[in-house]
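> next one to model:
(2 chains)
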Amino acid sequence: MDLSNKVLENTSSTNNEQTIALTITVNETKYELQTRPTEKLINILRDQLDFVGTKVSCGIGRCGACSILLDGELVNSCFIMAYQVNGKSITTIEGLGNVTIDEVQEAFLKEGGFQCGYCTSGMIMSVKNLLALNPAPSEEDIKEALAGNLCRCTGYGGIIRAVQSLANKKARF
Amino acid sequence: MKSNIRVKEDRVRPDGLAKVTGTLKYLTDLTFPNMLYGKILRSDYPHANILSINTEEAEKLPGVVAVITYKDVPGMNRFGIIVPDQPVLCEERVRYVGDAVAAVAATSLAIAEQALKLICVEYEELPIIDSPEKALQADAIKLHPAGNICHRSSYSNGNVATAFEACEAIVEETYELPRQLHGYMETEGGVIVPEEDGGITVYAATQHGFKDRFQLSRILGIPESMIRIVSSPIGGSFGGKDELNIQPYAALLALKTKCPVKIHNTRAESIRASLKRHPMKITAKTGVDSSGKILAHQVKIVADKGAYATLGPAVLDFAVEHAAGPYIIPNIETEGISVFTNNGVMGEFRGFGGNQITFALEGQMDRLADVLNLDPIELRRINLRNATDLGPLGHRIAPTDSAALILNEIEKLEIAPKHENSKWKRYGAGIAISMHGGGLGFGRLDSAGGRISLNKEGKVEISFGFEECGQGLVSVIENLVIEEIGCSKEDIQIVIGDTSVVPHSGSSTASRGTSIVWQSLQKMKEPFKKKILAHASTILSIPQEELYLGSKGVWKLGEEDGPVMSYKECAEVLLDGTVLTSFHFPVTPDAVNGGHFLYSFGGVKVEVEVDVLSGKVKVMSIDHVIAAGPVVSPNGFRGQIEGGGVMSLGYTLMEEVKMVDSRYATHNFDSYLMPNIVDVPFETNVYAIEELYEGDIYGPRGVGEIGTISITPAIVKAIHDAIGCWVTKLPISSEDILEKVCARGMLEWI
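Reported below is the predicted structural model:
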């Protein structure tokens, strides 16, 4: 007999939940919206604001596909809830290459740092963050910084070459 | 040996800019006005009878627009690429925890999730068949009317029994391989939009749009002409999205609600329902004479099929075919059986049975070399096929000396480990080689083709019925069109992944895409050029022989300033600028079921570090050598080989979708570990042998799979080199290594 699908007593819980007024800045544009305080930031970005460049893959902070910068800090946006981001500023992949293509993106293009591209938004945010903190990272630094971003296509070869090409460029100056 | 693949042109992938800027819309990124969200209720049990399904409460929930069960399937309530044996929505029985029982469409995801909880399904549990061994017992409950054997496949030549008697040495081993997750980053999903004529447009990933169209037509009971499949771009597939997944449910819901319906699996839903690589148990007995010549090879393969067939029979056929790999073995007997269980569903996965069988074959080669005290490369050379030898099923194949070329290049690598052993760290190196058939094989409908035209916008429009899963097919197409037609990147418009506009090219699987693009262009380029040039010649009153196609338009010999006629001008008055081709993928002339004709070859050398204290194995370097004809797209080629290698590094060292009593013990990337950047060596080289055998007219071969094959046995050999023990079960666990280390007394204090 099945017991796990029994009718829940409160069927209207999804409708009555309280919402909060949320003000966030995404890629330098201010947004005001009404949302559940526990709504995941990734869902707000993708479903409410249509920033679908940020991807969702595992939903539990293991793959890094949803990586964004929150007040300049690299975070998994599937791990952040609405109430935590009020008044904060967010940069997504769409916020990087506005005028001229960012050098990280350029390096990924040149070195084959992606294939299907689904991890790429998050990966580029992480690389961006790494190079901002450490312009000439060693192999160990690269491993440490990108360990939270899974890529199933490249085997990381092209990503490593992209990052190293930027690190070498910095090292020369 | 360093990589020899160089980017010849400063050309980036056509989809590259959109991918690195996050502007590319994947099909799971799409939204439509009035779109509903769908969710699928899957079975609570691995094996049970359904006594009743009550959807009343779910239907009453505000925001729920439709709830469907098997009663709502107007056509055939089954799917499966070859044998449609899987219920779309189960009627009276479930056979795995991913079997669908009901589905809902609601105005929000949260309401759809809530609605699933309100569906009441009464089950009566049935005995669980959680292993092929159990399924094959005489009194086992039958999972399908014909029993528990999904497929048998075999090949034999000579007489192994008498040949074993003449052998100097015989090794026998059983190899066990795990259930692997494809692990594409984009889980299955998309949106299905109902159209005014009663048809639908499907925006969802697949590896063969026309096949999805065919299957959906059967399920929905509407003609194929009323179904349009938009199936590209895809966030990774590796075989895993070849079969239908969410499409039937979103389609049924869209037709019922007359609203677009989006379903996008969560990772947990994906792992529960999706295909996996077949776990196999392979027993191999191989005998040699004193010189190292293999006299007899006997192989038994038992594959865990899971609940439904999908392409499992073909996977088994492929494994049987590749049992002898690139070696000539006079007496061989290979028997495979693929067995239904309640362990999920196994199906198509990059490598297609080649990974499993090559682990066994190369493992046998290394064990024989060890027993005979022969160099592993020498033993392989003694048994290696020659260019014009028959293929592994005794069938004719395209002549190729690639096997020898691969082995020669591998031999040039410094095989000895570069690192020195320390007290707790031991180093070892290993090599392995493989051959891998491309295309679907003899006896399978393997239609290929393409279309090229000068369209009204003045673009050289090149079209194939393929999908871009990330493999870089769009780069292959672009590079080959530039090379064969002479136009520039800016002149080209690539049209793929939409059944309403593409020609039939067959599936984006089986390492066939690159082959087909090249072969199609060989057939189409002259007629196409002729059409354009004849037209330009008439208009310009210049003899056709003095004109050629180039960047931006038609050029005149000797006039280097620019085209004498732009493609746009040409298109404005051209009535028919289209050339189509349709052909069968090259196949062996011998009537051998599944036998391939075009093979790619690969070899790999790896170095490993074994930590004898923790039992951890780390791969220190990977050197690939690949012979698959000319490299069409350098970054794509290298990426496929490196990425395939790392996927198999994971398969060898860490990946297993664990099941307990036919239920998944692995639900997400916290308990299913795929290689991250820390797990891979920064030192990886890919060396391509580009020359084709004399007279080979088949051009570049696809390389989607070959990079995944050899690495597993090479790692296992390297571990043996490091600590003197053979591993037979994947993924290689620390416990297994530690037990072996202890058994050999390698730790000083024990």
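> what does residue 69 show for phi and psi?
By default, I'm working from chain A. The phi and psi values for A:Leu69, taken as degrees, to the nearest 10, are phi -100, psi 130.
> what residues does the stretch 1-150 of chain B put near chain A?
Within the stretch 1-150 of chain B, the positions adjacent to chain A are B:7, B:12-13, B:15-26, B:29, B:31, B:44, B:57, B:60-63, B:108, B:110-111, B:114, B:117-124 by C-beta under 8 Å from any C-beta of the partner chain. To be clear about C-beta, it is placed using only N, CA and C from the backbone, and glycine gets the same treatment.
> report the buried members of these.
Judged by neighbour count, with 16 or more other C-beta atoms under 10 Å in any protein chain shown as the criterion, the buried members of those are B:12-13, B:15-17, B:19-22, B:24, B:26, B:29, B:44, B:57, B:61, B:63, B:110-111, B:114, B:117-121, B:123.
> would you map out the domains in chain B?
Described in terms of automatic domain parsing, the domain architecture of chain B consists of the residue ranges B:29-126+B:183-273, B:276-441+B:590-743, B:447-584.
> adding distance to A:Leu109 and mean pLDDT, write those out as TSV.
Rendered in TSV, the data for the domains of chain B read as follows (distance: least, C-beta to C-beta, whole Å; pLDDT from 0 to 100):
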stretch	distance to A:Leu109	mean pLDDT
domain B:29-126+B:183-273	16	98
domain B:276-441+B:590-743	9	97
domain B:447-584	12	97
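> identify, by residue count, the longest helix of chain B.
The helix of greatest length in chain B, counted in residues with DSSP state H as the criterion, is given as helix B:513-540.
> how about chain A?
When every helix of chain A is counted residue by residue (DSSP H), the longest turns out to be helix A:157-172.
> would you map the strands across chain A?
Across chain A, reading from the start of the chain, the strands by DSSP state E fall at A:20-26, A:29-35, A:67-70, A:73-76, A:89-91.
> highest mean neighbour count out of those strands?
Between the strands of chain A, strand A:67-70 has the highest mean count of neighbours, a mean of 23, where neighbours are mean count of other C-beta atoms under 10 Å in any protein chain shown.
> next one: that one to chain centre, how far?
Shown here is strand A:67-70, whose average C-alpha point lies 5 Å from the average C-alpha point of the whole chain (C-alpha atoms, centre = their mean, to the nearest Å).
> could you pull up the mean pLDDT of that strand?
Here strand A:67-70 scores 98 as its mean pLDDT.
> distance check, the residue most central in space within chain A against chain B.
Central residue check for chain A by C-alpha atoms, centre = their mean: the C-alpha nearest the mean position is that of A:Ser67, 1.8 Å away. Here the distance between A:Ser67 and chain B works out to 11 Å (C-beta to the nearest C-beta, to the nearest Å).
> from what I see, B:Asn386 and B:Asp401 are in contact.
Yes - the pair B:Asn386 and B:Asp401 qualifies as a contact (C-beta atoms under 8 Å) at a distance of 7.4 Å.
> more neighbours: which of these two?
Under the neighbour definition other C-beta atoms under 10 Å in any protein chain shown, B:Asn386 and B:Asp401 were set side by side, and B:Asp401 has more, 20 against 11.
> using the three-state scheme, assign the residue nearest to that one when sequence neighbours are not counted.
Among residues not flanking B:Asp401 along the chain, B:Ala387 sits closest, at 4.1 Å (C-beta to C-beta, 6 or more residues apart in numbering or on different chains). Put simply, B:Ala387 is coil when judged by DSSP: H, G, I helix; E, B strand; the rest coil.
> tally of neighbours for B:Leu51?
B:Leu51 is flanked by 12 other residues according to other C-beta under 10 Å.
> what does the stretch 451-600 of chain B have sitting close to chain A?
Contacts of the stretch 451-600 of chain B with chain A, taken as C-beta under 8 Å from any C-beta, map to B:469-472.
> so can I have TSV of those showing secondary structure?
Compiled in TSV, these are given as follows (three-state DSSP):
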residue	secondary structure
B:Cys469	coil
B:Gly470	coil
B:Gln471	coil
B:Gly472	coil
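> among those, which two are most distant?
Greatest spacing in those, by C-beta to C-beta: B:Cys469 and B:Gly472 (9.3 Å).
> where in chain A is the helix or strand with the lowest mean pLDDT?
Within chain A, confidence by mean pLDDT, DSSP states H and E is lowest for helix A:13-16 among all helices and strands, at a mean of 46.
> tell me the bridge partners for B:Gly430.
Under the criterion DSSP bridges, B:Gly430 forms beta bridges with B:Val606.
> which residues touch it?
Counting by C-beta atoms under 8 Å, 6 or more residues apart in numbering or on different chains, B:Gly430 touches B:366, B:376, B:605-606, B:608, B:713-721.
> go with 7 Å
Neighbour list for B:Gly430: B:606, B:714-718, B:721 [criterion: C-beta atoms under 7 Å, 6 or more residues apart in numbering or on different chains].
> out of the residues you listed, which comes closest to chain A?
Taking C-beta to the nearest C-beta as the measure, B:Val606 is the one of these closest to chain A, at 13.1 Å.
> hang on, B:Lys300 packs against B:Ala323?
No - shown here, B:Lys300 and B:Ala323 do not form a contact pair, counting by C-beta atoms under 7 Å, at 10.0 Å.
> can I have stretch B:650-665 written out in CSV, keeping just the CAs?
These are the backbone C-alpha positions of stretch B:650-665, laid out as CSV (Å, rounded to 0.1, in the frame of the first residue of the first chain):
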residue,chain,number,x,y,z
GLY,B,650,35.6,9.5,-13.8
TYR,B,651,34.1,6.2,-14.9
THR,B,652,37.3,4.4,-13.8
LEU,B,653,38.0,6.2,-10.5
MET,B,654,34.9,7.6,-9.0
GLU,B,655,31.5,7.4,-10.8
GLU,B,656,28.8,5.0,-9.9
VAL,B,657,25.1,5.5,-9.8
LYS,B,658,24.5,3.2,-6.8
MET,B,659,21.3,1.4,-6.3
VAL,B,660,20.0,-0.5,-3.2
ASP,B,661,17.1,-2.8,-3.8
SER,B,662,16.6,-1.3,-7.2
ARG,B,663,16.2,2.2,-5.7
TYR,B,664,18.7,5.0,-6.4
ALA,B,665,21.1,5.7,-3.5
